[in-house]
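Chemist: how does the following fold in three dimensions:
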Amino acid sequence: MTMALVGLGLVLVCTAARLRCPWWPLHPLLFVSWASTPLRLMGPSYLLGWLVKALIAKYGGSTLYNRVKPIMIGIIAGELLGALFPTLFGAVYYILTGRQPMMFNVIPG
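Modeler: Below is the predicted model:
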């Protein structure tokens, strides 16, 4: 119960800080998934993305930020397609053969 209350407190404090201070870097959803396996596996990627965005915004300004945005959207779209194609191929394989395809994990584990 104590940890749930601490988590609730952190979410509320981060929510208030995010609404009142535009420079606040932490999103309150961080504490909702704090101890989950996906965050443990993908957390460094999130931090790297945040660091790249912060450095581009700080040193390149809005002009560079807007020029780099399509590249970043392309990276995200490529990641999504990388997970979508095996799913579609698995569905086609099942339709054609009637057998379940090998399992595909988006999050390695």
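Chemist: from now on I want contacts and neighbour counts done on CA atoms only, so please keep to that.
Modeler: Fine.
Chemist: grab the longest helix from the chain for me.
Modeler: Using DSSP state H to define each element, the chain has its longest helix at helix 37-97.
Chemist: give the other helices and strands that it contacts.
Modeler: The helices and strands touching helix 37-97, judged by 3 or more C-alpha pairs under 8 Å, 6 or more residues apart in numbering; DSSP states H and E, number zero.
Chemist: what is the burial count for Cys14?
Modeler: Counted with other C-alpha atoms under 10 Å, residues neighbouring Cys14 total 21.
Chemist: that one and Leu29 touch, don't they?
Modeler: No - the criterion here is C-alpha atoms under 8 Å, and Cys14 misses it with Leu29 at 9.0 Å.
Chemist: CA-only coordinates of stretch 88-97 in CSV, if you can.
Modeler: Backbone C-alpha positions of stretch 88-97 (Å, rounded to 0.1, in the frame of the first residue of the first chain) are rendered in CSV as follows:
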residue,chain,number,x,y,z
LEU,A,88,1.0,-10.4,-41.9
PHE,A,89,3.3,-13.2,-43.2
GLY,A,90,2.2,-15.4,-40.2
ALA,A,91,-1.5,-14.8,-41.0
VAL,A,92,-0.9,-15.7,-44.7
TYR,A,93,1.1,-18.8,-43.7
TYR,A,94,-1.8,-19.9,-41.4
ILE,A,95,-4.4,-19.3,-44.1
LEU,A,96,-2.4,-21.3,-46.6
THR,A,97,-1.2,-24.2,-44.4
